[in-house]
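[1] Any chance you can model this:
(4 chains)
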Protein chains: 2
Amino acid sequence: MDFGKSIRIKDIAKLAGVSVGTVDRVLHNRGRVSDSALQKVTAVMNQIEYKPNLIARTLGSNKNYRIAALIPDPTLDPYWAQTNLGIIQAQKEWSQYGIIVETIPFDLYNKESFHRIAREVIDDGPDAILVAPIFYYESVSAFELFQLREIPYILFNTNILEGKPLGFIGQNLTQSGRVGAQLMNLGQHEPATFAILHIDEDVHDSIHLLEKEKGFREYFKEQQKSKFEIVDLSLNPHQITFDDQMRSLLERVDLKGIFVSTSKGTAVAASFVETYGKSDIRLIGYDILQENLKYLKSGTIDFLINQNPKRQAQLGISHLANHLMFKRPAPQMDLFPLEIITQQNVDSYLESGIH
Amino acid sequence: MDFGKSIRIKDIAKLAGVSVGTVDRVLHNRGRVSDSALQKVTAVMNQIEYKPNLIARTLGSNKNYRIAALIPDPTLDPYWAQTNLGIIQAQKEWSQYGIIVETIPFDLYNKESFHRIAREVIDDGPDAILVAPIFYYESVSAFELFQLREIPYILFNTNILEGKPLGFIGQNLTQSGRVGAQLMNLGQHEPATFAILHIDEDVHDSIHLLEKEKGFREYFKEQQKSKFEIVDLSLNPHQITFDDQMRSLLERVDLKGIFVSTSKGTAVAASFVETYGKSDIRLIGYDILQENLKYLKSGTIDFLINQNPKRQAQLGISHLANHLMFKRPAPQMDLFPLEIITQQNVDSYLESGIH
DNA sequence: TTGAAAGCGCTAACAT
DNA sequence: ATGTTAGCGCTTTCAA
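    Numbering: from 1, shown residues only, chains lettered A, B, ... in the order given. Here you go, the predicted structure:
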């Protein structure tokens, strides 16, 4: 490649016949530059390939940025606890660059709480916001405020098309459902019934769940195996009838598999499958939570699709930090791989440090 | 956390009643410090928690490091081509920090070439080395030279316990075989025969292959399903009999699955399976190579286990760069997750930018 | 053995 | 509108 020392602002200044101050001004278009000066500098810039020394930039502009992370209370939910781990990790990673990350928890089951907390965050005036927009309407109205205050923000976990975030981090949920379906279908040669279970303690997630279901159905439709039947049970574990429904479902002799669309629901379903001793039923669910891990290791859960909440959060902070410090554009859409977790590869994930 | 500006060398100097130069000398024990000065500084150091500003350190010392990457010629093999992509990416990533990365290719099929190239690298005197130690004895002797010259090095892809590298990056191969076995076993209820295929055009890889095989066998042994039989065929595609052997293998009616231990072999096996129209045989292999991708999408290949050569290399450079610039210790063992790739999730991997 | 001071490349305040 | 200059925190050279 190109050896020889890399180009500095000073070099550009010399080549363009102006001062470093001027070059700096055009580089960051801070205005106050004459047309002629601008011409000269841009001319040089087009000739050469200038890559700013980010180390020097960081040191020189001795700034401190604050990033707020708006997420459901991590102490009340294992999924969001993982998310928070990612934020803490990012916090450590970026602290040496003078970036302070603060988690602002809201109540997962309470829209009002989100509304209130969002306003508090804005009043606190962070330099950027990472937000899990669980509640649709409340989120949209929060976005408006962010934009009014010109606070850049990134969405993760749930995508909402309203508003102008820097980007979104998450997964393709329809495709996620298709992955579930493929894993379900594998090696199933006899006529069979599969159940889709939305055990949505997390009411808010309904859009999520439906997209996964859509992908799941799509896949089977494409397979054109008419002998397959899908049973769709939307269950709420708080209903009195929940146990009965599960029992009658599990008693069906043709039931060959269950696809659960939520991470917490996965463990719930697994406990029923174990209780009724139907360990030959293929069970597919979401995420490497402590509870699920147990059933995965015992063989009750066959596959988990990993949504990687920890890294989603970590990357969200990372994108914002890069945006603030280095003016690097965040990717508009950062879709995570749909990781397939099994009894045999789960440890390799847990140990790999990516988690 | 701790707000309030962090402590600088200047602060320590003031507290200890010495100059920054002296503090710097004790910090890096460069000698030339009187006992009394040393006492004073260490006293202060024990009181406070000093965390050096790495950004400033990097800028101040203004060093340029060179890292050499010793890998098989990427133009001759798609797997190593991926590796090289990772090196190129790392190269870009770190060039702005004054780190120069250079790929030094050797001949994958020629031990002498490795021996020769390794010596050339040493004479060139890089500041650190990333090496894929394909050939056992040649590697061990190269390690000795690295250590003699005190050049830090990191191993990847293949682990060799001799020598004192900063660390190793790769996968748990036995476990990898177990993952293959589990995927093979899934939903196989009837008596069945599975074949393990070592299509080892890459002769050197034999230890690799055997470890994978070991894991694969282990898993089935644990399942205690006596009705399963494993056929182990070590095939060499250059033998005249290769076609015949494949044909007779594929003609077995009880053959339900093939596990291929190499990435290139995977595509070879897939082409045979397609040719003989045995698409109901479960085929499991390695890596998202262009060739394999085709068969994965068409459904001939059911699963790929991803060794992630690109990221292995990228991370290797990254660890070395961190070691050189920031004195950050590289992890002694960085085992990658055993990623399971299917027709339905492969795009999510390809698009995710991790690749 | 020490301290002072000149960088590293960039930013930003301050004169012109 | 432009150039000059003083930092940012640390390293490293050079006198003393």
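[2] check which helix or strand covers A:G215.
    Using DSSP states H and E, A:G215 sits in helix A:206-223.
[3] so what's A:F106 up against?
    Listed by CB atoms under 8 Å, 6 or more residues apart in numbering or on different chains, the contact set of A:F106 reads A:70-73, A:113-114, A:116-118. For the C-beta atoms, the positions are set from N, CA and C on the backbone; glycine is no exception.
[4] 6 Å instead?
    Contacts for A:F106 were tallied using CB atoms under 6 Å, 6 or more residues apart in numbering or on different chains; they are A:113-114, A:117.
[5] Show me the residues you listed that map onto helices.
    Among those, the ones falling in helices (DSSP state H) are A:113-114, A:117.
[6] Out of these, give me the one that has the most neighbours.
    Neighbour counts for these (other CB atoms under 10 Å in any protein chain shown) peak at A:F114, which has 24 neighbours.
[7] In chain A, mark out all the strands, start to finish.
    Counting by DSSP state E, the segments of chain A that form strands are A:65-72, A:99-106, A:128-131, A:153-156, A:167-170, A:192-199, A:228-235, A:255-260, A:282-286, A:303-306, A:333-335, A:339-341.
[8] So which elements touch the first one?
    So the one you mean is strand A:65-72. Contacts defined by 3 or more CB pairs under 6 Å, 6 or more residues apart in numbering or on different chains; DSSP states H and E place strand A:65-72 against helix A:78-95, strand A:99-106, strand A:128-131.
[9] How about the contacts made by A:I154?
    Taking CB under 6 Å, 6+ apart as the contact definition, A:I154 lies against A:130, A:165-167, A:316, A:319-320.
[10] Show me what it is bridged to.
    Going by DSSP bridges, A:I154 is paired in beta bridges with A:L130, A:G167.
[11] Number of residues surrounding A:Q245?
    Residue crowding around A:Q245 was assessed by other CB under 10 Å; the count is 16.
[12] and the residue in the stretch 1-150 of chain A that DNA strand C sits nearest to, how many residues sit next to it?
    At 2.6 Å from DNA strand C, A:G60 is the closest residue in the stretch 1-150 of chain A, using CB to the nearest atom of the strand. The burial count assigned to A:G60 is 11, neighbours taken as other CB under 10 Å.
[13] how many neighbours does the residue lying closest to A:E274 once chain neighbours are set aside have?
    The shortest distance from A:E274 to any non-neighbouring residue, by CB to CB, 6 or more residues apart in numbering or on different chains, is to A:T300 (5.2 Å). Around A:T300 there are 21 other residues, counting by other CB under 10 Å.
[14] same thing with the one 4 residues further on?
    For A:L304, the tally of surrounding residues (other CB under 10 Å) stands at 27.
[15] Over to the one 10 residues further on?
    The number of residues packed near A:Q314 is 22, by other CB under 10 Å.
[16] can you pull the contacts of the residue of chain A found nearest chain B?
    Relative to chain B, the nearest point of chain A is A:G187 (2.5 Å; CB to the nearest CB). The contact partners of A:G187, taken as CB under 6 Å, 6+ apart, are B:186-187.
[17] For B:P133, see how far away it is.
    Distance of A:G187 to B:P133, computed by CB to CB, to the nearest Å: 39 Å.
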